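Visitor: Quick one: sequence plus predicted model below, questions after.
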Amino acid sequence: MAVRVQTEDFDVGAAIDAMTRGATGIGSLASFVGLMRDHAGGAAVSAMTLEHYPGMTEKMLGDIEAEARRRWPLIDCLIVHRYGRLAPGDRIVLVLTAAAHREPALAACQFLIDWLKTKAPFWKQEETAAGARWVEARAEDDAAADRWRRD
Amino acid sequence: MAVRVQTEDFDVGAAIDAMTRGATGIGSLASFVGLMRDHAGGAAVSAMTLEHYPGMTEKMLGDIEAEARRRWPLIDCLIVHRYGRLAPGDRIVLVLTAAAHREPALAACQFLIDWLKTKAPFWKQEETAAGARWVEARAEDDAAADRWRRD
Amino acid sequence: MKLRYFAWLRAKTGIAAEQVALPDGVGDVEQLVRWLIARGPGYAEVFRERGAVRVAVNFDYVGFDHPVRDEDEVAFFPPVTGG
Amino acid sequence: MKLRYFAWLRAKTGIAAEQVALPDGVGDVEQLVRWLIARGPGYAEVFRERGAVRVAVNFDYVGFDHPVRDEDEVAFFPPVTGG
């Protein structure tokens, strides 16, 4: 299990190097980095505060990672998610997947961010000129997560 | 156009930092890194030499990148591909895509590596205990590339 | 039991967490929600639109028909928006 | 015209590139290939399995029916294996 929930920034290059160092069975590494944008819904956003549910967050991210490992032959996997106050351009989340071949690495990376978006208990509050507002969940995110459902 | 064909290694973290620095409209960054594995087809591989077709390589990578930009609203995009002699664990290729939202970033990243695999004129020769052998194209790679065809 | 409220739900209840004794007649989430609504207008407002409220019992998502016991941690929050 | 051979095709022809004058009667890739096959066993071996040979004229993939001119660069190579 490699899941981290932290206020500090993360170093993508260092995370990739740590995952691949000495692991010469890895042929493919996929990553996704989510960053804070300076605008949303047509309004400039000056800052954002990410709240989360300590305890449940780690459990859900661990569950999601375990599900990815069940579905694809991953050699390694990492999820890092920040919380607290962030400024535009700040990194928010990192998903990193490593496999022998590219298909499982890319599919698992997409799966992890899709499920994380709809299952990990984080909430964003944006600060705009009109005041603070809670970000609303997107229907597209539910649809993206549903693609991976197995009923 | 950001396409590089080089013998030198590349720094994934530095490439990501360069792409996102000051670009606060970027909300999502997807990457794919291909690395040299220490085994293939059941045999240990001690080294690999990547040959390419100078001139055509740059043209094809540029064409592929332009196609990705036509299909998705990318803010930025980078392809780096190495050639020459490589050892197990060495990085071979980097694909980096940046967009406001994750769907175009992830889809374009997958598209670029799928098309690059079947269209960019690179050839791998592996060195094993049994001698040197040219890597054969995989039918799965053609199938992966065909998913993106628009007839 | 421990009750927790997140994001805009917390703004309505005015508190992030509270410890309550399992009320008489409350055996599942639905009954707990009815009991909370009767406690005051802030709570009532939280549950005005049920569809917008997610529930977790002991760190797992559950439906409104899920049983609750005195030793549980029950959390209410809006659809998540991380990533 | 400039002819180029890559990967295992080069091992068969014995050369990576050569400059030839457009031969009489050669107007497309197919005719060029027939002319090459007649030049010697190494070339003949390259084109024994046509399906395994890709052709580019001036850095673009083409079919065997594509026209060739004296100023063209024509490259022959196996299916690519980069990435």
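Guide: Received, thanks.
Visitor: quick one: low-confidence ranges for chain A?
Guide: Filtered on pLDDT under 70, chain A yields the residue ranges A:1.
Visitor: quick one: the strands in it?
Guide: Counting by DSSP state E, one finds strands in chain A at the ranges A:3-6, A:28-35, A:39-40, A:43-44, A:47-52, A:74-82, A:84-86, A:91-99, A:122-128, A:131-134.
Visitor: Export the ones you listed as JSON lines, with columns for mean neighbour count and distance to chain B.
Guide: Glycine gets a C-beta too; all of them are placed from N, C-alpha and C. As requested, those are exported to JSON lines (neighbours: other Cβ atoms under 10 Å in any protein chain shown; distance: least, Cβ to the nearest Cβ, whole Å):
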{"stretch": "strand A:3-6", "mean neighbour count": "16", "distance to chain B": "17"}
{"stretch": "strand A:28-35", "mean neighbour count": "25", "distance to chain B": "4"}
{"stretch": "strand A:39-40", "mean neighbour count": "16", "distance to chain B": "7"}
{"stretch": "strand A:43-44", "mean neighbour count": "12", "distance to chain B": "10"}
{"stretch": "strand A:47-52", "mean neighbour count": "19", "distance to chain B": "11"}
{"stretch": "strand A:74-82", "mean neighbour count": "22", "distance to chain B": "10"}
{"stretch": "strand A:84-86", "mean neighbour count": "15", "distance to chain B": "11"}
{"stretch": "strand A:91-99", "mean neighbour count": "25", "distance to chain B": "8"}
{"stretch": "strand A:122-128", "mean neighbour count": "21", "distance to chain B": "12"}
{"stretch": "strand A:131-134", "mean neighbour count": "13", "distance to chain B": "17"}
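Visitor: Chain D: which of these is closest?
Guide: Taking Cβ to the nearest Cβ, strand A:28-35 is the member of those nearest to chain D, at 9.5 Å.
Visitor: which non-adjacent residue is nearest the residue in chain C that chain B sits nearest to?
Guide: Proximity to chain B, evaluated over chain C using Cβ to the nearest Cβ, is greatest for C:G83 at 7.7 Å. Distances taken as Cβ to Cβ, 6 or more residues apart in numbering or on different chains put A:K117 closest to C:G83, at 4.0 Å, once the chain neighbours are dropped.
Visitor: thinking again about what came up before, redo the strands of chain A as CSV? Include distance to chain D.
Guide: Formatted as CSV, the entries for the strands of chain A read as follows, by distance: least, Cβ to the nearest Cβ, whole Å:
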stretch, distance to chain D
strand A:3-6, 30
strand A:28-35, 9
strand A:39-40, 35
strand A:43-44, 40
strand A:47-52, 36
strand A:74-82, 18
strand A:84-86, 35
strand A:91-99, 14
strand A:122-128, 34
strand A:131-134, 43
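Visitor: wait, which of the ones you listed is closest to chain C?
Guide: strand A:122-128 (2.6 Å).
Visitor: so where's the longest helix in chain A?
Guide: helix A:102-119 (DSSP state H).
Visitor: list the helices and strands that one packs on?
Guide: Under the contact criterion of 3 or more Cβ pairs under 8 Å, 6 or more residues apart in numbering or on different chains; DSSP states H and E, helix A:102-119 touches strand A:28-35, helix A:56-71, strand A:74-82, strand A:91-99, helix A:139-146, strand B:28-35, helix B:102-119.
Visitor: quick one on the thing from earlier: touching, the residue of chain C closest to chain B and A:L112? I think so.
Guide: No: the criterion here is Cβ atoms under 8 Å, and C:G83 misses it with A:L112 at 9.6 Å.
Visitor: These two: who's more crowded?
Guide: Using other Cβ atoms under 10 Å in any protein chain shown, the more surrounded residue of C:G83 and A:L112 is A:L112, with 27 against 24.
Visitor: and the more buried one, how far is that from B:L116?
Guide: A:L112 is 23 Å from B:L116, where distance means Cβ to Cβ, to the nearest Å.
Visitor: for the longest helix belonging to chain C, packing partners?
Guide: Taking DSSP H as the criterion, chain C has its longest helix at helix C:29-37. Secondary-structure packing of helix C:29-37 (3+ Cβ pairs under 8 Å, 6+ apart): helix C:41-46.
Visitor: Now whichever residue of chain A sits closest to chain B. Nearest residue, chain neighbours left out?
Guide: Chain B sits closest to A:G13 of chain A, with a gap of 1.7 Å, by Cβ to the nearest Cβ. Among residues not flanking A:G13 along the chain, B:G13 sits closest, at 1.7 Å (Cβ to Cβ, 6+ apart).
Visitor: now A:K119
Guide: A:M60 (5.3 Å).
Visitor: Using a markdown table, lay out the strands of chain A together with distance to A:R21.
Guide: Below are the strands of chain A laid out as a markdown table (distance: least, Cβ to Cβ, whole Å):
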| stretch | distance to A:R21 |
| --- | --- |
| strand A:3-6 | 18 |
| strand A:28-35 | 12 |
| strand A:39-40 | 37 |
| strand A:43-44 | 41 |
| strand A:47-52 | 30 |
| strand A:74-82 | 11 |
| strand A:84-86 | 29 |
| strand A:91-99 | 11 |
| strand A:122-128 | 30 |
| strand A:131-134 | 41 |
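Visitor: So which of these is nearest B:T97?
Guide: strand A:28-35 (10.2 Å; Cβ to Cβ).
Visitor: Check whether that closest one comes near chain C.
Guide: Yes: Strand A:28-35 lies within reach of chain C by Cβ under 8 Å from any Cβ of the partner chain, at A:G34.
Visitor: need the residues of chain C near chain B, please.
Guide: C:G83.
Visitor: any idea how far A:E58 lies from A:V80?
Guide: 12 Å.
Visitor: With C:D28 instead?
Guide: Distance from C:D28 to A:V80, by Cβ to Cβ: 36 Å.
Visitor: likewise C:D60?
Guide: 23 Å.
Visitor: got it, and A:A47?
Guide: Distance from A:A47 to A:V80, by Cβ to Cβ: 20 Å.
Visitor: Over to A:E65?
Guide: Where A:V80 is concerned, A:E65 sits at a distance of 12 Å (Cβ to Cβ).
Visitor: Residue numbers of chain C in contact with chain A?
Guide: So chain C meets chain A at C:4, C:6-8, C:56, C:59-61, C:75, C:77-83 (Cβ under 8 Å from any Cβ).
Visitor: Perfect, that will be all.
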